[in-house]
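Enquirer: how would this look folded up:
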Amino acid sequence: MKIQPAAFFRTTLPMDLSTLGVLDSGRYHSIWLPDHMVSFWPDAIWTPEFTDLATTSASPHRHLDGLAIAAAVAALTKNVPIVTSVVDTVRRHPSLLAQTALTIDHISRGRFILGVGSGETENTVPYGFDFSKPVGRFEESLKVIRMLWESEGPVDFSGQFYQLRHARLDTEPYEGRVPRIWAGGSGPRMLDIIGRHCDGWWPAGAYSPEDYAEKLHVVRSSAERAGRDPQAITPAFIWTCLIADNDAELAQILEAPLVKAYVLQIPAQIMRQHGFEHPLGDSWRGYQDINPEVLPRERILAMLKQVNVEAILSVVPHGTPKQIARTLKGYVEAGLRVCKILDYGGMAGLKYAARSAQKVRDAEDEIVRLVG
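Expert: Residues are numbered from 1 along each chain as shown. Below you'll find the predicted structure:
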């Protein structure tokens, strides 16, 4: 077994490039950069009334372009791979994704990994993008990207979503190797597509080591059927947890409105499996349904009153850094190899956010000690 931690680099204001030296030092497998228009945290409770984090930033949605930031990170680092986690295939045409990925790969001298996903309501629907059939669009985008990278001269393509006529991308890959493609997804169709087309995988949700292992098996089985090496696909994870020094601190963290609002990212189906009802109803699909238009202040406040913190604890790993590492070890045994430990406890307020990075580093050190 072997596990390597990954690092997040914030793509929101205020932007701090001073940390790149540490991230490029060899500690991390890769740097992961989100690409959003809207955050998961609702405006209704991003006010000083509910969180002192609002005193340092007037909005949780001050997002910068993830691919532009990736290019800057590529120019300012020398060693660490750079990964978008993830760019959706709804807002960006695959021909532009193909060109941009090659561009950043040249800037980074072969260190760029194009991380993609099928998209989310909050980043697409409010801006007028067609969010129908996102999985079919995702697969077709991958086909177009690969075609443009691998074809010599102009190409034609006639698909359901994209039409190419005498289209060319003559920019050669850096040192003859196209960028790797990683993808996020958890549904059966997405896992099958990832196995056939991608070089790395994150689950959009995996709520136990057994769940992670089952999903990874689907990805690898799909790769094998397609004649690809299933072991060449890197199993990764953005692993959300709550890190606290003790039970008393954990209880304080769980009282924070932004932490309670994590239920927005949990599907009702998963809550039912753990014996709880979702405060937004049986049809809630988690992060895919987050949309500011249908989540006004009144609905958010009513939801918070109904949140059962035991439901959150049943789904989200929690404990001290050492306890977190021991839980994560189960995922490593299930096949996980690259992981970003994401401490959601930092959303409880400024004093928790100030210590969150060190707690994550302590958990990273412990998991590496445990499994190498």
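Enquirer: wait, what's in contact with T240?
Expert: Taking CB atoms under 8 Å, 6 or more residues apart in numbering, we find T240 in contact with 262, 265, 316-317, 342, 344. In this view, the C-beta of every residue, glycine as well, is placed from N, C-alpha and C.
Enquirer: L114 too?
Expert: By CB under 8 Å, 6+ apart, the contact list for L114 reads 84, 87, 97, 101, 145, 179-182.
Enquirer: how about the longest strand anywhere in the chain as PDB, C-alpha atoms only?
Expert: Longest strand of the chain, by residue count under DSSP state E: strand 234-243. Provided in PDB are the C-alpha atoms of strand 234-243 (Å, rounded to 0.1, in the frame of the first residue of the first chain):
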ATOM      1  CA  THR A 234      -5.000   6.600 -10.400                       C
ATOM      2  CA  PRO A 235      -7.600   6.200  -7.600                       C
ATOM      3  CA  ALA A 236      -8.000   9.600  -5.900                       C
ATOM      4  CA  PHE A 237     -10.400  11.200  -3.500                       C
ATOM      5  CA  ILE A 238     -11.400  14.600  -2.100                       C
ATOM      6  CA  TRP A 239     -12.100  13.200   1.400                       C
ATOM      7  CA  THR A 240     -14.300  15.500   3.500                       C
ATOM      8  CA  CYS A 241     -14.000  15.100   7.300                       C
ATOM      9  CA  LEU A 242     -14.300  17.000  10.500                       C
ATOM     10  CA  ILE A 243     -11.100  17.200  12.500                       C
END
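Enquirer: Name every strand pairing with it and say which way it goes.
Expert: Looking at strand 234-243 with DSSP bridges, its partner strands are strand 200-202 (parallel), strand 318-319 (parallel), strand 338-343 (parallel).
Enquirer: Mind checking what helix or strand follows that strand in sequence?
Expert: Counting by DSSP states H and E, the next helix or strand C-terminal to strand 234-243 is helix 247-254.
Enquirer: Buried residues, that next one. List them.
Expert: 249-250, 252-254 (16 or more other CB atoms under 10 Å).
Enquirer: Likewise for stretch 228-243?
Expert: Buried residues in stretch 228-243, counting neighbours by 16+ other CB under 10 Å, are found at 228, 230, 233-243.
Enquirer: Quick one: mean pLDDT for that stretch?
Expert: For stretch 228-243, mean pLDDT rounds to 98.
Enquirer: Name the residues of stretch 161-168 that are buried.
Expert: Quick answer for stretch 161-168 (16+ other CB under 10 Å): 161-162, 164, 167.
Enquirer: same question, stretch 354-362
Expert: By 16+ other CB under 10 Å, the buried positions in stretch 354-362 come out as 355-356, 359-360, 362.
Enquirer: Output these as CSV; include the columns distance to R299, pLDDT and secondary structure.
Expert: As requested, the buried residues of stretch 354-362 are arranged in CSV below (distance: CB to CB, whole Å; pLDDT from 0 to 100; DSSP: H, G, I helix; E, B strand; the rest coil):
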residue, distance to R299, pLDDT, secondary structure
R355, 32, 97, helix
S356, 28, 98, helix
K359, 32, 98, helix
V360, 32, 98, helix
D362, 37, 98, helix
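Enquirer: pLDDT at the most centrally placed residue in the chain, what is it?
Expert: Central residue of the chain (CA atoms, centre = their mean): S85, 4.7 Å from the mean position. Looking at S85, its pLDDT reads 95.
Enquirer: That one touches I31, doesn't it?
Expert: No: checked against CB atoms under 8 Å, the pair S85 and I31 is beyond contact range at 9.5 Å.
Enquirer: Give the intersection of the neighbour lists for those two.
Expert: With CB under 8 Å, 6+ apart, S85 and I31 have common neighbours F8.
Enquirer: Would you agree H63 is in contact with L33?
Expert: No: H63 lies out of contact with L33 (CB under 8 Å); the separation is 11.0 Å.
Enquirer: quick one: which of these two has more around it?
Expert: Ranked by neighbour count (other CB atoms under 10 Å), H63 and L33 place L33 first, with 26 against 19.
Enquirer: List the contacts of the more buried one.
Expert: Per CB under 8 Å, 6+ apart, neighbours of L33: 8-9, 11, 66, 69-70, 73, 82-85.
Enquirer: Looking at these, which are in helices?
Expert: 66, 69-70, 73 (DSSP state H).
Enquirer: Sort out which of the residues you listed are buried, if you could.
Expert: The buried subset of the ones in helices among the contacts of L33 - by 16+ other CB under 10 Å - is 66, 69-70, 73.
Enquirer: Tell me how far E150 lies from P173.
Expert: Distance, E150 to P173, using CB to CB, to the nearest Å: 9 Å.
Enquirer: same deal with R337?
Expert: For R337, the distance to P173 equals 25 Å [CB to CB].
Enquirer: returning to what we had before: where do the contact lists of H63 and L33 overlap?
Expert: Common neighbours of H63 and L33 (CB under 8 Å, 6+ apart) are T11.
Enquirer: For I193, pull up the helix or strand it's in.
Expert: helix 188-197.
Enquirer: For that helix, which helices and strands make contact with it?
Expert: The elements that helix 188-197 packs onto, with contact taken as 3 or more CB pairs under 8 Å, 6 or more residues apart in numbering; DSSP states H and E, are helix 134-150, strand 180-184, helix 209-225.
Enquirer: Contacts made by the very next helix or strand once past the first one with the rest, please.
Expert: If you walk from helix 134-150 toward the C-terminus, the next helix or strand you reach (DSSP H and E) is strand 155-158. Strand 155-158 is contacted from outside by 143-144, 147-148, 163-168, using CB under 8 Å, 6+ apart.
Enquirer: make it 6 Å
Expert: If you take CB atoms under 6 Å, 6 or more residues apart in numbering as the criterion, strand 155-158 is touched by 147, 164-165, 167.
Enquirer: Show me which positions of it end up buried.
Expert: Neighbour counts over strand 155-158 (16+ other CB under 10 Å) mark 155, 157 as buried.
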